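Visitor: My questions are about this predicted structure, shown below with the sequence.
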Amino acid sequence: MQSKRFVSILLILTLVFGMTIPVQASSIEETKKKGEALEAQKSTAEAEKKALADQLNKLIAEMDETTAKITAKQEEIAVKEDELIQAQIDENNQYESMKKRIKYMYENGNTQFIEILFSSKSIGDFLNNAEYITQISEYDRDMLDEFKATVQRVDDQKKALEGEKAELETLQVQLQEKQDEVSALLAEKAEQISDLEVAIGENAAKLKALQEEAARQQRMREEAAAAAAAAAAASQGNSSGGSSSGGSSGGGTAGPSVAPSGNGALSNPCPSAYISSEFGGRSSPGGIGSTNHKGRDYAAGAGSPIYAAASGTVTTVAYNGARGNYLVINHGNGLSTLYQHCSEIYVGSGQSVSVGQNIAAVGSTGASTGPHLHFEVWVNGTPVDPRNYL
Ligand SMILES: [Zn+2]
């Protein structure tokens, strides 16, 4: 009759769970992988952005350099322009003074010229004077030619400088175009990174939601397991079994449990665990009625040590489908403790144990979905809240 009740509870639980869509571990993994892929893409984009920024900085430096060269060239041209102006002035001065001399010679000079020649005291003197006059006009012509050549040379130099400046300006235009191009690429890359950051944020939120949903479903399964254990306890009682069989899988987060206030008759049976579920009534999965959790759950990594909560005698070492590998220690005065879902049990029935003795290892045998110790305290055969004794 009681096993029928057990089966019917299991059926109800199965129906209740059938209505929820279980979060697949694979979808959490996929979301994590997608997050990693997005992070990798972001790293690549960041590297590309950095390369573009470096390129842009180089271009800006190059443009600064070219600007400096253009400014220097401009100064050289200005100097050359002044030089040209002065050369043209010199040329003009020479021309004007030559014109004046020629004009003077031709206006007054004919007689003067003749006078100079006729005032010559000798033929040698005459020749000297004639030579002198010729030399004056030759000098003027040579000077004029020289000044003209200077003007031409300075003008050529100025034109060459202007050509160099034009080349620099063309280079500067090209650099500006390149800079605009790289700036546009940089902006694009920044936008891509921003998009990736949004995608990473969305993916992280999705992952969090999936993990929360998985945790919620895990809690529901544990509650179902507890209900099944309760039913099994009622229907099966003590059944014989091996002392240390069954495997373990996975690993829970381990952390020191907070010692609750009690009478201190019992010590913490699993200090490396955290309390995942307390004793007492709680909503059953799906919100139908309530279950009575007869013990306290210590979630810990598989293989974590379980210690005797007090000295006493081991009265049962057994296995059943609900409790898995479990043992019972009788402490006298009507007080007993039960340790369930063990992966291994190190003590035998009838053995005396002392408080704090390592008696078993945390596992997930029986109706359990993850490694944990289900710890019960019985007083005269009735499960009580372990918190009152710890
Ligand atoms: Zn439990």
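Guide: Arrived safely. Quick caveat: nothing in here was measured; it's all calculated off a predicted structure. Residues are numbered from 1 along each chain as shown.
Visitor: Up against the ion, what does this protein have?
Guide: 226, 295, 297, 374 (CB under 5 Å from the ion). All C-beta atoms are positioned from the backbone trio N, CA, C, and that covers glycine.
Visitor: Is it possible to get a markdown table of those residues that adds distance to residue 133, secondary structure and pLDDT?
Guide: What follows is those, written out as a markdown table (distance: CB to CB, whole Å; DSSP: H, G, I helix; E, B strand; the rest coil; pLDDT from 0 to 100):
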| residue | distance to residue 133 | secondary structure | pLDDT |
| --- | --- | --- | --- |
| 226 | 137 | helix | 90 |
| 295 | 140 | coil | 94 |
| 297 | 133 | strand | 95 |
| 374 | 137 | strand | 96 |
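Visitor: With neighbour count as extra columns, can I get those in a markdown table?
Guide: As requested, these are exported to a markdown table (neighbours: other CB atoms under 10 Å):
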| residue | neighbour count |
| --- | --- |
| 226 | 24 |
| 295 | 26 |
| 297 | 25 |
| 374 | 27 |
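Visitor: Specify which member of those residues is nearest to residue 100.
Guide: For the residues of the chain next to the ion, the closest approach to residue 100 (CB to CB) belongs to residue 297, at 123.9 Å.
Visitor: Can you pull the phi and psi angles for the closest residue to that closest one other than its chain neighbours?
Guide: In space, and not counting its chain neighbours, residue 297 is closest to residue 277: 3.8 Å by CB to CB, 6 or more residues apart in numbering. Backbone torsions for residue 277, taken as degrees, to the nearest 10, come to phi -160, psi 140.
Visitor: Kindly report the same for residue 357.
Guide: Backbone torsions of residue 357, given as degrees, to the nearest 10, read phi -70, psi 140.
Visitor: so what's the closest residue to it other than its chain neighbours up against?
Guide: In this structure, residue 357 finds its nearest non-sequential neighbour in residue 308, 4.7 Å apart by CB to CB, 6+ apart. Going by CB atoms under 8 Å, 6 or more residues apart in numbering, residue 308 touches 269, 329, 337, 353, 354, 355, 356, 357, 359.
Visitor: List the contacts of the third one.
Guide: By CB under 8 Å, 6+ apart, the residues touching residue 337 are 266, 269, 308-310, 312, 328-329, 331, 375-378.
Visitor: now do the last one
Guide: When contacts are counted by CB under 8 Å, 6+ apart, residue 359 is found next to 306, 307, 308, 314, 327, 329, 339, 345, 346, 347, 353.
Visitor: Pull whichever strand or helix holds it out as PDB, backbone CA atoms only.
Guide: Here residue 359 sits within strand 358-361, counting by DSSP states H and E. Written as PDB, here are the backbone C-alpha positions of strand 358-361 (Å, rounded to 0.1, in the frame of the first residue of the first chain):
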ATOM      1  CA  ASN A 358      35.400  10.500   9.400                       C
ATOM      2  CA  ILE A 359      32.600   8.000   8.800                       C
ATOM      3  CA  ALA A 360      31.700   8.400   5.200                       C
ATOM      4  CA  ALA A 361      32.100  10.500   2.000                       C
END
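Visitor: about what we covered before: pipe the contacts of residue 308 into a markdown table and attach secondary structure per row.
Guide: Supplementary listing: these in a markdown table, determined by DSSP: H, G, I helix; E, B strand; the rest coil:
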| residue | secondary structure |
| --- | --- |
| 269 | coil |
| 329 | strand |
| 337 | strand |
| 353 | strand |
| 354 | coil |
| 355 | coil |
| 356 | coil |
| 357 | coil |
| 359 | strand |
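Visitor: quick one, strands of the protein?
Guide: Ranges of strands within the chain are 274-277, 280-283, 290-293, 296-299, 305-307, 312-320, 324-332, 335-342, 344-345, 352-353, 358-361, 372-379, 382-384, based on DSSP state E.
Visitor: circling back to that earlier point, can the residues of the chain next to the ion go into JSON lines with extra columns for distance to residue 63?
Guide: Below are these laid out as JSON lines (distance: CB to CB, whole Å):
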{"residue": "226", "distance to residue 63": "74"}
{"residue": "295", "distance to residue 63": "77"}
{"residue": "297", "distance to residue 63": "70"}
{"residue": "374", "distance to residue 63": "75"}
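Visitor: Considering those residues, which is situated nearest to residue 55?
Guide: The nearest member of the residues of the chain next to the ion to residue 55, counting by CB to CB, is residue 297 at 60.1 Å.
Visitor: Tell me what the closest residue to the ion within the chain is bridged to.
Guide: Residue nearest to the ion within the chain: residue 374 (3.6 Å; CB to the ion). Taking DSSP bridges as the rule, residue 374 bridges to residue 297, residue 340.
Visitor: Which neighbouring residues are in contact with it, exactly?
Guide: Neighbours of residue 374 in contact, by CB under 8 Å, 6+ apart: 226, 229, 295, 296, 297, 323, 338, 339, 340, 341, 368.
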